[in-house]
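*Asks:* here is a sequence together with a model predicted from it:
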Amino acid sequence: MVCVTCHTDPNGAPALNAFGKDYRAERNATNGSVDWERLGALDSDGDGYNNSAELSGGYLPGDPGSNPRTGVKYEGFTGSGITGLLTAGLTLFVVALLGIALGFRMLAARNRRLAAKESEATEPPVEAAAKDGAPKP
Ligand SMILES: [Ca+2]
């Protein structure tokens with residue numbers, strides 16, 4: 001879920017949309033244990049699609065302009081300002097770290113393969129036979 005699932009502002013400002021208000025009402029009514037079946041059966045934004053159908057299809061249950069009829073889905077981060085920059089920067093940083101980690105793993109595996117090949121090539125055959133306990137020719 002994204003901020004605009006419940007909030008009117010993509011940066012998650014306190015204002016709630018229709019789904020956010022229904023979620024909060026459900027949470028308050030059940031003392032924190034939200035009945036997702038009941039919440040999913042509601043059509044919070046009144047666009048003709050229940051919350052469950054919208055959430056499972058990638059639509060926003062609190063935005064009547066986002067539903068299977070309009071085809072408008074939430075498409076990535078749309079925040080602006082410092083929060084948007086921080087989120088985008090953090091995402092890039094994590095992706096870069098994963099790329100570097102993968103690169104090091106591949107390099108290490110390559111070095112292990114090369115080292116194994118080298119030791120096979122340099123081991124004298126007589127010594128290898130003696131190690132195995134095989135009779136000498
Ligand atoms: Ca709806």
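*Replies:* It's in.
*Asks:* and the chain, which residues reach the ion?
*Replies:* Residues of the chain lying near the ion by Cβ under 5 Å from the ion: 43, 45, 47, 49. Bear in mind the C-beta positions are built from the backbone N, C-alpha and C, glycine included.
*Asks:* correct me, but the second one touches F19?
*Replies:* Yes: the pair formed by D45 and F19 meets the contact definition of Cβ atoms under 8 Å, at 6.5 Å.
*Asks:* need the residues touching each of these two.
*Replies:* Shared contacts of D45 and F19 (Cβ atoms under 8 Å, 6 or more residues apart in numbering): 60-62.
*Asks:* which one of the residues you listed sits in the busiest neighbourhood?
*Replies:* Using other Cβ atoms under 10 Å as the neighbour criterion, P61 leads the shared contacts of D45 and F19 with 31 neighbours.
*Asks:* that residue against G48, yeah?
*Replies:* No: judged on Cβ under 8 Å, P61 makes no contact with G48 at a distance of 11.9 Å.
*Asks:* which parts of this protein belong to which domain?
*Replies:* The chain breaks down into these domains under automatic domain parsing: 1-79, 81-132.
*Asks:* tell me which of these is the most buried.
*Replies:* Stretch with highest mean neighbour count among the domains of the chain: domain 1-79 (a mean of 16; mean count of other Cβ atoms under 10 Å).
*Asks:* tell me how far N17 lies from C3.
*Replies:* N17 sits 10 Å away from C3, going by Cβ to Cβ, to the nearest Å.
*Asks:* sorry, back to before: mean pLDDT for the domains of the chain - can I get that in a markdown table?
*Replies:* A markdown table is the format used below for the domains of the chain (pLDDT from 0 to 100):
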| stretch | mean pLDDT |
| --- | --- |
| domain 1-79 | 88 |
| domain 81-132 | 73 |
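*Asks:* closest to T70 among the shared contacts of D45 and F19?
*Replies:* Closest approach between these and T70, by Cβ to Cβ: L60, at 10.5 Å.
*Asks:* mind checking the SS state of that closest one?
*Replies:* Following DSSP: H, G, I helix; E, B strand; the rest coil, L60 is assigned to coil.
*Asks:* list the contacts for it?
*Replies:* Contacts of L60 (Cβ under 8 Å, 6+ apart): 4-5, 17, 19, 45, 54, 66, 73-74.
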